[in-house]
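Visitor: predicted model, plus sequence, below.
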Number of protein chains: 2
Amino acid sequence: MSNYQKLHQHFARINDLHHVQAVAGWDEAAMMPAGGGEARGQALATLDVLIHGMVTEAGVADWMAGAAQEQLEPWQQANLREIARLYRDATCMPADLVEQQTLATSRSEQAWRRFRAENNWQEMAPLLTEVVNLSRQEASVRADASGLSRYDALLDTYEPDMTSARLDPMFAELKSFLPGLLDEILTEQEARPLVVPGGHFPIESQRLFGLEVMQTMGFDFNHGRLDISHHPFCGGVPSDVRITTRYEANNFVPALMGVIHETGHALYEQGLPADWRDQPVGQALSSGMHESQSLLMEMQACRTREFLHYLTPKIRQAFAGEDAAGPASSEDNLHQLYTRVNRGYIRVDADEVTYPLHVILRYELERDLIEGRMEVRHIPDAWHERMQRYLGLSTEGNYRDGCLQDVHWPAGLFGYFPTYTLGAVTAAQLFAAAREQIPGLMSQIASGDFSTLVAWLRTHVHQQGKFLGFDALLQEATGSALDVSHFRNHLRGRYLDGAA
Amino acid sequence: MSNYQKLHQHFARINDLHHVQAVAGWDEAAMMPAGGGEARGQALATLDVLIHGMVTEAGVADWMAGAAQEQLEPWQQANLREIARLYRDATCMPADLVEQQTLATSRSEQAWRRFRAENNWQEMAPLLTEVVNLSRQEASVRADASGLSRYDALLDTYEPDMTSARLDPMFAELKSFLPGLLDEILTEQEARPLVVPGGHFPIESQRLFGLEVMQTMGFDFNHGRLDISHHPFCGGVPSDVRITTRYEANNFVPALMGVIHETGHALYEQGLPADWRDQPVGQALSSGMHESQSLLMEMQACRTREFLHYLTPKIRQAFAGEDAAGPASSEDNLHQLYTRVNRGYIRVDADEVTYPLHVILRYELERDLIEGRMEVRHIPDAWHERMQRYLGLSTEGNYRDGCLQDVHWPAGLFGYFPTYTLGAVTAAQLFAAAREQIPGLMSQIASGDFSTLVAWLRTHVHQQGKFLGFDALLQEATGSALDVSHFRNHLRGRYLDGAA
């Protein structure tokens, strides 16, 4: 066996462990009774240690060095590059730092559930300080290993090759037009009254309707499932993708778009290159690219007049006998429901216009925290100040709906937030390219035909895995570099110019 | 750390891998879409190899030798004994034999699904021959390592310390009275006509009723679930026990007893010693003891007049509006439904009177196959001859309902069948002891109170794990050695003397 083949075999075995990790993780969220949690946590921790040990074991460095001298095909070269990245990211972290982080974030995440409910910043702050201090150490270690700045070194673990220097101008542009655009949209919206669906929409009816929409979008049920969890997500493995949602019995609106969003993620996973799925290069490219696939489906394709035209009679049929058949489910009203914009406190409830502002706020704070330009005690004031500036809302004394609303920081996830908005911007650019390249795309969507769109995404995104980097992929797919104007045009078109 | 502590820690890690293996195995049977099978099989195979590697790794032998010199508590000594058994059973098998078996049984199991459906013995025979030849090799290897005879060496992997020499007299006794008893029962039964439930029993109603009965029996839903699978089983881990059943929409009778049976298994798992669950000594004792716990609940406690008296109004209520409220669900008729005896071809459909005859037939054949006293080509005739002798049925030319009905042999499981009947005999003996030791037990069961019975089983069986061997446990719990007379008395009492 060549050195490359040894690496290939080794990382296929690691992938098998990721497989059972994914299944056990999905199970924990969607199936496991509470009493199973302690043993499950222990089992998953052991699996983590085992995987870490396999990624970093002595042979890997030798095989990498040897493989670098061997004749490799382009995908093998890309695979070697991704293996080297995994090796670097795993070996650079000292075991005692990882252990301290595991303990601190577990403590802080658990405390967060209580302190958020209690609006208790005072007691949360010291726990968060500990997590931030450890994340700063992690950032330093990763910065040394990668040559990146400290914040960029964390960002890089979710979004390879993305940096603050590239995010800053993008976010500056968004900040330059979003607050004004929001004012315009809210004024425009006032004229249009909204009927909110009332009544009881049985969860089983909602579930069956969700399955129907997934089928329409091209979800492969021979390789995946839909289930319920408190926090919706897309998990499992490419050969068996598990998406989840949650239902409100008195409103079918949120679960439906939730299912569509997760189906966008799922189509990406199901479309990953079949021959490379067991290797690092065959995985999804990045968090931002993943989010672009869910947002492309949810925001670009499915909240359109065209798709809602297709959906309206089906919604009426799915909830026949319920109150959906009333004025709430007219095509016009459904379109309004699915394109309503609000100034709100909560990121996860935000619409696509305000969402980037929520993200930019967090990005600016976490970057300063990690770079040491800000301390945890300054978070509430900084949050309040930016919420006023970006969204015109005060969070003074309201930590629950302010700086305590997200689990990310208590869980030690710094560098993740920007990928949501990178995804939104990328989705708009990819969809604009798809519309240009696929004649009649919107008519296809108006008749519930996603096949050409999905085939286009398969070719340009899904089947690329990590072969191309983010920039190269976008260039190949759309003919240009990352460009916020598509997102801006999309928002203006949908919310002000009356386009879909 | 002492050598014993190192062993303890090492086997706790192995237990964590068994945990994810159990979750992924349950998922495969209860949740996974077909398309996920190939990758799942691959992942589970890698996990197997990894676990095997950890059980047999170099340090284990040294730690065992060292621990043998250390001062150990009784449970630690028992744990060391069980670790030594695992080590012996894992190290004795050559890797190439394991690999050949994996391939051959996978091929043969898949072919069996088709050839059974086609009643095609001719094409199944060569595949089965290959599996038998490999199992003979395995038996030789295990016999060399353990000092047991070849068949006993396989039996020992499911039922430690059980041997043919002990099974033979037990089975001889059963054969001496069961065929005659069966005739008597069938004659007696003829006088009593039976009303089979008709109509439609919604699966959701059956499921909810199953959950209610599980609750009644003491199943802890904070540490377990009920789901659906094609072949009902009890899986998961002690902190999160997963049982499954299957439903027939036109008959509530089988699923209900199926759930009760699996709940018996589940109570055993949920009752394993909390402090030792992550170690070999804290696992369930053996296949036979496990089956005793399911059969004690199903056959000894729940098919009684007392429990059916408790259950009848609940069945009527659960299926109110369905046809269950008709004559089929009178208390008398339900009792007859749940104690009906039939001469049948199929083991898994057999009642408790004929079941041991199905098992003895298989035991006699597989013992002779493994010991080399019989060849695969002789199976159909030998099967037919014994079915006529034991049950008065011919299987000439009928392989589907004869020697091709079970997956065990195509899957390479030799030595497992006897544990079913060992379980039935043990269940009768344990329940007789419980009735003697718990005043008013049957009145408690008649009022749906299982708490004293479960507490008794917890003390005498569940919390023992593998601490005591089979014989010592039975002696402690019942005051005597394994004794078929309790099973015989149970059958005579229920089916001929009109007792429950």
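Guide: Here it is on my side, so go on.
Visitor: what does the stretch 1-150 of chain A put close to chain B?
Guide: Contact residues (C-beta under 8 Å from any C-beta of the partner chain) of the stretch 1-150 of chain A with chain B: A:13, A:16-17, A:19-21, A:23-24, A:27, A:31-36, A:38-40, A:42-47, A:50. For every residue, glycine as well, the C-beta is placed using N, CA and C.
Visitor: got a PyMOL select line for the buried ones in the residues you listed?
Guide: Applying 16 or more other C-beta atoms under 10 Å in any protein chain shown to the residues of the stretch 1-150 of chain A next to chain B, the buried members can be selected in PyMOL as follows:
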select buried, chain A and resi 13+16+17+19+20+21+23+24+27+31+32+33+35+36+39+40+42+43+44+46+47+50
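Visitor: among the residues of the stretch 1-150 of chain A next to chain B, which are in helices?
Guide: A:13, A:16-17, A:19-21, A:23-24, A:27, A:38-40, A:42-47, A:50 (DSSP state H).
Visitor: quick one, domains of chain A?
Guide: Using automatic domain parsing, the domain ranges for chain A come out as A:3-148, A:149-500.
Visitor: quick check: which ranges of the stretch 351-500 of chain A have low pLDDT?
Guide: A:499-500 (pLDDT under 70).
Visitor: who in the stretch 251-400 of chain A is up against chain B?
Guide: residue A:277.
Visitor: what are the phi and psi values for the residue of the stretch 401-500 of chain A found nearest chain B?
Guide: Nearest residue of the stretch 401-500 of chain A to chain B: residue A:465, at 15.8 Å (C-beta to the nearest C-beta). Backbone dihedrals for residue A:465, given as degrees, to the nearest 10, come out at phi 50, psi -130.
Visitor: how near is residue A:106 to residue A:28?
Guide: 14 Å (C-beta to C-beta, to the nearest Å).
Visitor: what about the two, which has more around it?
Guide: residue A:28 (19 against 15; other C-beta atoms under 10 Å in any protein chain shown).
Visitor: in this structure the more buried one contacts residue A:39, no?
Guide: No: using C-beta atoms under 8 Å, residue A:28 is not in contact with residue A:39, being 10.8 Å away.
Visitor: what are the ranges of the strands in chain A?
Guide: A:224-228, A:234-237, A:240-245 (DSSP state E).
Visitor: tell me which of those sits most buried.
Guide: Of all the strands of chain A, strand A:240-245 has the most neighbours on average by mean count of other C-beta atoms under 10 Å in any protein chain shown, namely a mean of 27.
Visitor: what strands line up against it, and which way round?
Guide: Strand A:240-245 has the following sheet partners, assigned by DSSP bridges: strand A:224-228 (parallel), strand A:234-237 (antiparallel).
Visitor: tell me, how many residues neighbour the residue lying closest to residue A:359 once chain neighbours are set aside?
Guide: The spatial neighbour of residue A:359 that comes closest, neighbours along the chain excluded (C-beta to C-beta, 6 or more residues apart in numbering or on different chains), is residue A:421 at 4.4 Å. Residue A:421: 26 surrounding residues under other C-beta under 10 Å.
Visitor: distance of residue A:267 from chain B?
Guide: Distance from residue A:267 to chain B, counting by C-beta to the nearest C-beta, to the nearest Å: 15 Å.
Visitor: that residue: neighbour count?
Guide: Residues near residue A:267, counting by other C-beta under 10 Å: 28.
Visitor: so it sits against residue A:223, correct?
Guide: No: if you go by C-beta under 8 Å, residue A:267 and residue A:223 don't touch, sitting 10.9 Å apart.
Visitor: output the below-cut-off pLDDT ranges for the stretch 1-150 of chain A.
Guide: Checking the stretch 1-150 of chain A against pLDDT under 70 turns up nothing.
Visitor: what ranges do the helices span in it?
Guide: With DSSP state H, counting those that start in this stretch as the criterion, the stretch 1-150 of chain A has helices at A:3-30, A:37-56, A:58-67, A:74-91, A:95-117, A:121-146, A:150-158.
Visitor: comparing those helices, which comes out most buried?
Guide: helix A:150-158 (a mean of 24).
Visitor: residues contacting residue A:241?
Guide: Counting by C-beta atoms under 8 Å, 6 or more residues apart in numbering or on different chains, residue A:241 touches A:223-225, A:234-235, A:266, A:269-270.
Visitor: closest to chain B out of these?
Guide: residue A:223 (4.0 Å).
Visitor: next, residue A:399: phi, psi?
Guide: phi -80, psi -30.
Visitor: how much space between it and residue A:116?
Guide: From residue A:399 to residue A:116 the distance is 8 Å (C-beta to C-beta).
Visitor: so what sits against both of the two?
Guide: In contact with both residue A:399 and residue A:116: residue A:124, using C-beta under 8 Å, 6+ apart.
Visitor: please verify my assumption that residue A:395 contacts residue A:387.
Guide: Yes: using C-beta under 8 Å, residue A:395 makes contact with residue A:387 at a distance of 5.1 Å.
Visitor: okay, and the common contacts of those two?
Guide: A:345, A:402.
Visitor: nearest residue to the residue of the stretch 101-250 of chain A found nearest chain B in space, please, no chain neighbours.
Guide: Closest contact between the stretch 101-250 of chain A and chain B, by C-beta to the nearest C-beta, is at residue A:240 (3.0 Å). Using C-beta to C-beta, 6+ apart and skipping the chain neighbours, the partner closest in space to residue A:240 is residue B:36 (3.0 Å).
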